[in-house]
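Participant: take a look and give me a structure for this.
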Amino acid sequence: MGKFLILLPLGMLGACRSPEPRDFSPRWKFLQNPAHPFDYFMEMIRCDLPAKAREILSADAKKRFPEGSFTLAVRNTLAPDATKRLILGFEQHSVTVSPDGETALARWCNREFGVFLDIRLMRERLAGRWYWAIDFTREQLVETLEPALMAWYRRQRDAADGRIYAYPPDWEYAPVAADCPCLRGPGGIGVHREK
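Facilitator: The predicted structure is shown next:
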């Protein structure tokens, strides 16, 4: 069973590239595990389906981000390739469930951009089903990611001695940070319960 759970997210990675039509509705049973909203969210962003990614946001996050503003936040028309690179570069390094089992805290890190987010997950009910919803804040999606994008652009320009502004396809991007802070501390990747 454990091997299946590890392989399931890997199988989802190529799903949007499949020539066959595919149902992208949330897999509610899959989302009952607090480690899995990340996988579904990233799959929808990779497939350029921000409205589907928004389906698993918490009720509060949906109020903060009406559908149009959420789409603009994740697509960012000023730097769409870099924004997508930033979002898809996140890895989930830990999930800690609260003692009451109603909330969790997920650490999402992007080493290349030198940024991490502590994302709150909330246990919510929709149409009689419990699932884990992502509770983004405006601070996380706008105020944290914009400076990270600007720092990354400056790093690329510095790596190219200030001469290149349009990078060729074979350009080796220079990371902003060597690794992320959460990898230096105790713990590791996995789902943890607070005591």
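Participant: where along this structure do the helices fall?
Facilitator: Assigned by DSSP state H, the chain shows helices spanning 2-13, 37-46, 50-54, 59-64, 67-75, 80-88, 138, 145-159.
Participant: just the buried residues of the fourth one, please?
Facilitator: Counting neighbours by 16 or more other C-beta atoms under 10 Å, one finds that the buried residues in helix 59-64 are 61-62. In this view, the C-beta of every residue, glycine as well, is placed from N, C-alpha and C.
Participant: send me that helix as CSV with only the CA atoms.
Facilitator: Only the C-alpha atoms of helix 59-64 are listed here, as CSV (Å, rounded to 0.1, in the frame of the first residue of the first chain):
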residue,chain,number,x,y,z
ALA,A,59,-13.6,28.7,2.1
ASP,A,60,-11.7,31.6,3.6
ALA,A,61,-9.0,31.5,0.9
LYS,A,62,-11.7,31.4,-1.8
LYS,A,63,-13.2,34.6,-0.3
ARG,A,64,-9.7,36.2,-0.3
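Participant: out of the helices of the chain, which comes closest to residue 120?
Facilitator: Residue 120 lies closest, by C-beta to C-beta, to one member of the helices of the chain: helix 59-64, at 9.1 Å.
Participant: tell me the strands beside the longest strand seen in the chain, with direction?
Facilitator: In the chain, assigned by DSSP state E, the strand with the most residues is strand 115-126. Strand pairing for strand 115-126, using DSSP bridges, gives strand 103-110 (antiparallel), strand 129-135 (antiparallel).
Participant: still on that earlier bit, would JSON lines of the helices of the chain with distance to residue 30 and mean pLDDT be doable?
Facilitator: Output for those, formatted as JSON lines (distance: least, C-beta to C-beta, whole Å; pLDDT from 0 to 100):
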{"stretch": "helix 2-13", "distance to residue 30": "7", "mean pLDDT": "42"}
{"stretch": "helix 37-46", "distance to residue 30": "7", "mean pLDDT": "92"}
{"stretch": "helix 50-54", "distance to residue 30": "14", "mean pLDDT": "91"}
{"stretch": "helix 59-64", "distance to residue 30": "19", "mean pLDDT": "93"}
{"stretch": "helix 67-75", "distance to residue 30": "21", "mean pLDDT": "83"}
{"stretch": "helix 80-88", "distance to residue 30": "20", "mean pLDDT": "85"}
{"stretch": "helix 138", "distance to residue 30": "28", "mean pLDDT": "84"}
{"stretch": "helix 145-159", "distance to residue 30": "26", "mean pLDDT": "84"}
